[in-house]
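*Asks:* Based on what follows, work out the 3D shape:
(one chain, ligands or ions: 1)
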Amino acid sequence: IEIVGAPIFNEKKMLKGAVLVFYDITELKKLEIMRKDFVANVSHELKTPITSIKGFAETLLDGAAKEQETREKFLAIIFEESKRLNLLIDDLLTLSKLEKDEFRLHVTEVNAAELLRDIIPMFKQRAENKQIQLSVNVEQGLSMKVDADRFKQVIINLLANAISYTPEHGEITVTMDETDQSIHVSVADTGIGIPQDALPRIFERFYRVDKTRSRNTGGTGLGLAIVKHIMEVHGGKITVDSELNKGTTFHVYFPKA
Ligand code: ADP
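*Replies:* Model (predicted):
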């Protein structure tokens, strides 16, 4: 708390009292700390791929480019790291758009099952590569009012995580049904799970349960932060159940009206 005070005098310039103003700055301070952390995190996340790109390019220029095998290996790394940077910047731009006050959803009446049908094929190959069984249980004929692209982004991010964090031969199930007030979609996996103490933090930007593993899977650490934001701007909600080494289920609820 910050206190600002001023004396009050009467007509004879005698001290009559004082005004004290108490400012509750905890919220402001918290925001300020969050902003600083965010800038530090972004810088760090950008720096990692850039350091790698710079190092490999430098080695190539110093003569390593003469050997074909080395050249191809290093160029492949440079290419991968550039893609990483691109993903990270796309995610940052998405987040900043969602946070703008003037952000508007393009809400239309959509057939929910059709939206899912557009998405699932994008993951068929990745699931097959890991011999993961991907099943879809969708109640037909559900319609809802959402921003179709944002809805797809939510499901895409949840599915991408489910595949990344599920070992070979696992199962992923997407279900969609309706409750009184909302359309409910769940994405359940039989993956590595999330420790209970980490559950409240996974929606924070750049929070990762296991830093190295997440980087290897190509994640930016922003996927769930984006999902949470999209659910908020829709007036919906997201919940998660998870058991370590058993699996994780995310539930999202989009209001019908
Ligand atoms: P990332 O790009 O690291 O996947 P996210 O914001 O999408 O970032 O997720 C944050 C963290 O939550 C991940 O690093 C991972 O530790 C954990 N997580 C998310 N989804 C799952 C899942 N389906 N199974 C296990 N852990 C998960």
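*Asks:* and the residue of this structure nearest the ligand?
*Replies:* G219 (2.1 Å; C-beta to the nearest ligand atom). Every residue, glycine included, has its C-beta placed from N, CA and C.
*Asks:* Count residues in the vicinity of the spatially closest residue to that residue that is not a sequence neighbour, would you?
*Replies:* In space, and not counting its chain neighbours, G219 is closest to S164: 6.4 Å by C-beta to C-beta, 6 or more residues apart in numbering. By other C-beta atoms under 10 Å, the residues close to S164 number 19.
*Asks:* D189 too?
*Replies:* Neighbour count of D189, defined by other C-beta under 10 Å: 27.
*Asks:* Return the residues of this structure in contact with the ligand.
*Replies:* Within the chain, the positions lying close to the ligand (C-beta under 6 Å from any ligand atom) are 161-162, 165, 189, 191-194, 202, 207-210, 214, 219-225, 248.
*Asks:* hang on, the earlier thing: T249 versus the residue nearest to G219, what's the distance?
*Replies:* The gap separating S164 from T249 is 16 Å, by C-beta to C-beta, to the nearest Å.
*Asks:* same check, this time on I156
*Replies:* I156 is 17 Å from T249, by C-beta to C-beta.
*Asks:* and what of G63?
*Replies:* Distance from G63 to T249, by C-beta to C-beta: 53 Å.
*Asks:* who's more crowded, those two?
*Replies:* Ranked by neighbour count (other C-beta under 10 Å), G63 and T249 place T249 first, with 17 against 9.
*Asks:* who touches the residue nearest the centre of the chain in this structure?
*Replies:* Nearest to the geometric centre of the chain sits G223, at 2.2 Å (C-alpha atoms, centre = their mean). Counting by C-beta atoms under 8 Å, 6 or more residues apart in numbering, G223 touches 91, 157, 160-161.
*Asks:* just the strands in the protein please.
*Replies:* Secondary structure of the chain (DSSP state E): strands located at 2-9, 15-23, 107-111, 133-138, 143-147, 171-178, 182-189, 237-243, 247-255.
*Asks:* and the last one with strand 143-147, angle?
*Replies:* What that stands for is strand 247-255. Strand 247-255 runs at 90 degrees relative to strand 143-147, counting by axes from the mean of the first three to the mean of the last three C-alpha atoms, to 10 degrees.
*Asks:* Buried residues of strand 247-255, list them for me.
*Replies:* 247-254 (16 or more other C-beta atoms under 10 Å).
*Asks:* Show me what D147 is bridged to.
*Replies:* V107 (DSSP bridges).
*Asks:* Hmm, F103 and it touching each other?
*Replies:* No - contact criterion C-beta atoms under 8 Å: D147 and F103 do not qualify, at 10.3 Å.
*Asks:* Who has more neighbours out of those two?
*Replies:* Taking other C-beta under 10 Å, D147 and F103 do not tie; D147 has more neighbours (19 against 11).
*Asks:* per-residue confidence at the more buried one?
*Replies:* For D147, the pLDDT comes out at 93.
*Asks:* Check K16 too.
*Replies:* pLDDT for K16: 88.
*Asks:* OK, contacts around it?
*Replies:* K16 touches 8-10, counting by C-beta under 8 Å, 6+ apart.
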